[in-house]
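> take this sequence and fold it.
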Amino acid sequence: MVLKRNAQISSILLRLISAVLTFLNGMALARILGPETYGQYVLILSWISLAYFAVTAGLPTLLLREISLSNPARDDAATRGVVLFALSVFGGLLLLCGLLFALVHRLPGVEMAVEEMSWITGVIVAFWGLSILFENATRGLGHTSAGQMAELVLRPGLGLVLFLGVAWLRGTGQVTETDAVLALLATTLATAGFSGVVFWHHVREGWQRGAAQGARRPGAWRDWMRGALHNSVTNILLAMTLQISFLMVGRLAGDAELGLYRVGYQLSIVAGIGLLAAKAVVGPQVGSSLRNPEGEPVSRVMQRAIGTCLLFSLPLCGVLLLWPAPVLDLLYGARYAGTDTVLTLQVLALGVIANSAFGPIDVALQVGRHDRMMMLAALVRIVLHLGLLVPLTRFFGIAGAAAAHTLALVAWCVIMLLAWKRRRPGAPGRDSSGST
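Predicted coordinates:
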């Protein structure tokens, strides 16, 4: 019990440290690059993120789930099999996306936002995907802190140090978005190397035993493919909700306005830090409650998670709602403290409060394996978000884009809550299997 609690505390601390480092990294990029150049960097980063979700295709979640299930039984053959499966599918998707990019790039009249650095972004996507696969496999083996260290701490921390180093060597007025991407490339390579070493250190003996145990169970690859498909559709839809919105804001409002919008989004993420902390621990607690009906009720776990979210988020959102301009001026400089950014930040802060009030309901549904309902909720969210984004951005600028984001987020939370109330084990009128 003590070890379990210590692991939860360690996971929360890692996420809090990661949130601080990620925020400092984004703040340094925005201050040094300026709104327009920072907006150009955000465009490149959005394309990288979309490609990452396409080539990983839900495999990280699959690795974490399947290895977590096979590890207690010491089924090393299953662990080895699912890792090889994930790496094989990842390699195939990476090759396919590379070929598609090359074909689209050759079409007449097509302009690629990352044309001048396509090979760099491709390398970033490849090693970022490998890093996350190795990290989730390590977490599945039970080494949660070691598995999360690279992505949560090393990646934002090293990225911050490298970018500041480049800015110091070249001078703050000479740094471009290309310098920022090169710093991201070096960070990604280092993170992938660290994750691979950590994974192999923890899996080496089991890997040899798995090879000696022989063949996998019949139909394993089919089941893994089905699980990866469900996860990939949900993850890609949610990634599209955010990354495509950045691309569309850049197209509709311009690079400088996109830089301002991204700054408001960064601060809203910091305001929702309570949700990050709750997600770090609520999954295992909900899973324990579902496996042990005589233990703590799931409803109590979720109430405690919502309380944690609101405890952190309400004070921070209150500051952003009441004093947005001084906060923006202090952290990012006067260039980011205009009326549009202030209003954008206030609208996004309202979304954070609503999201915190619903708590980490998506994690609870994922633990309960309600994959289809999560896919439906994600689809509704992206359709509503993108449907509102174009008209609201055209009429109200980045504040309209923030309103589209907030309205879609609230609708997503409501759908997830209704799904949880109807389909959770033990709910009235439902069986206790939790099936969807």
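> next SSE downstream of the worst-scoring helix or strand of the chain on mean pLDDT?
For the chain, the helix or strand with the lowest mean confidence is helix 273-291, at a mean of 66 (criterion: mean pLDDT, DSSP states H and E). Following helix 273-291 in sequence order, the next helix or strand is helix 298-322 (DSSP states H and E).
> give the rounded mean pLDDT of the helix or strand that comes right after that next one.
Using DSSP H and E, the next helix or strand after helix 298-322 towards the C-terminus is helix 324-332. Here helix 324-332 scores 93 as its mean pLDDT.
> one more: stretch 15-28?
Rounded mean pLDDT across stretch 15-28 is 86.
> in that stretch, what counts as buried?
Arg15, Leu16, Ser18, Ala19, Leu21, Thr22, Phe23, Leu24, Asn25, Gly26, Met27, Ala28 (16 or more other C-beta atoms under 10 Å). Placement of C-beta: from N, CA and C, glycine included.
> JSON lines for those, including distance to Ala419?
What follows is the buried residues of stretch 15-28, written out as JSON lines (distance: C-beta to C-beta, whole Å):
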{"residue": "Arg15", "distance to Ala419": "25"}
{"residue": "Leu16", "distance to Ala419": "29"}
{"residue": "Ser18", "distance to Ala419": "29"}
{"residue": "Ala19", "distance to Ala419": "28"}
{"residue": "Leu21", "distance to Ala419": "34"}
{"residue": "Thr22", "distance to Ala419": "30"}
{"residue": "Phe23", "distance to Ala419": "32"}
{"residue": "Leu24", "distance to Ala419": "36"}
{"residue": "Asn25", "distance to Ala419": "35"}
{"residue": "Gly26", "distance to Ala419": "33"}
{"residue": "Met27", "distance to Ala419": "36"}
{"residue": "Ala28", "distance to Ala419": "40"}
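> hmm, who's touching stretch 19-34?
When contacts are defined by C-beta atoms under 8 Å, 6 or more residues apart in numbering, stretch 19-34 is touched by residues 38, 41, 153, 156-157, 159-160, 163-164, 167, 172, 175-177, 180, 259, 262-263, 266, 269-270, 273, 276, 331-333, 335-336.
> buried subset of these?
Here, 16+ other C-beta under 10 Å leaves 38, 41, 153, 156-157, 159-160, 163-164, 167, 175, 177, 180, 259, 262-263, 266, 269-270, 273, 276, 331-333, 335-336 buried among those.
> of those residues, which belong to helices?
Under the assignment DSSP state H, the buried ones among the contacts of stretch 19-34 contribute 38, 41, 156-157, 159-160, 163-164, 167, 177, 180, 259, 262-263, 266, 269-270, 273, 276, 331-332 to helices.
> per the record, what domains does this protein have?
Residue ranges for the domains of the chain, per automatic domain parsing: 1-217, 234-436.
> residues contacting Tyr41?
Tyr41 touches Leu29, Leu33, Glu177, Ala180, Val181, counting by C-beta under 8 Å, 6+ apart.
> one more pass at 6 Å, please.
Glu177, Ala180 (C-beta atoms under 6 Å, 6 or more residues apart in numbering).
> distance of it from Leu162?
With distances taken as C-beta to C-beta, to the nearest Å, Tyr41 is found 14 Å from Leu162.
> what's the answer for Pro391, then?
From Pro391 across to Leu162, the span is 40 Å (C-beta to C-beta).
> ok, the two, which is more surrounded?
Shown here are Pro391 and Leu162; by other C-beta atoms under 10 Å, Leu162 has more neighbours (20 against 11).
> wait, what's in contact with the more buried one?
Counted by C-beta under 6 Å, 6+ apart, Leu162 has contacts Ala183, Ala186.
> then the helix or strand harbouring Ala256 to CSV, C-alphas only?
Applying DSSP H and E as the criterion places Ala256 in helix 255-271. The C-alpha trace of helix 255-271 is given here as CSV (Å, rounded to 0.1, in the frame of the first residue of the first chain):
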residue,chain,number,x,y,z
ASP,A,255,1.1,33.6,-38.3
ALA,A,256,1.2,36.4,-35.7
GLU,A,257,-2.3,35.8,-34.6
LEU,A,258,-1.6,32.1,-34.4
GLY,A,259,1.4,32.8,-32.1
LEU,A,260,-0.9,34.9,-29.8
TYR,A,261,-3.5,32.1,-29.8
ARG,A,262,-0.9,29.5,-28.9
VAL,A,263,0.2,31.6,-25.9
GLY,A,264,-3.3,31.8,-24.6
TYR,A,265,-3.7,28.0,-25.0
GLN,A,266,-0.4,27.4,-23.1
LEU,A,267,-1.6,29.4,-20.1
SER,A,268,-4.9,27.6,-20.2
ILE,A,269,-3.0,24.3,-20.0
VAL,A,270,-1.2,25.6,-16.9
ALA,A,271,-4.5,26.6,-15.3
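> what is that helix packed up against?
Using 3 or more C-beta pairs under 6 Å, 6 or more residues apart in numbering; DSSP states H and E as the contact criterion, the neighbours of helix 255-271 among helices and strands are helix 2-33, helix 35-56, helix 220-253, helix 298-322, helix 339-358, helix 398-423.
> what mean pLDDT would you report for the shortest one?
Helix 339-358 comes out with an average pLDDT of 90.
> in that helix, which residues are buried?
Neighbour count says helix 339-358 has 340-356, 358 buried, by 16+ other C-beta under 10 Å.
> run through the stretch 1-150 of the chain and note the low-pLDDT ranges.
Counting by pLDDT under 70, the stretch 1-150 of the chain has low-confidence residues at 1-9, 11-12, 69-75, 102-118, 144-147.
> what about 50?
Residue ranges of the stretch 1-150 of the chain with pLDDT under 50: 1-3, 109-110, 113-114.
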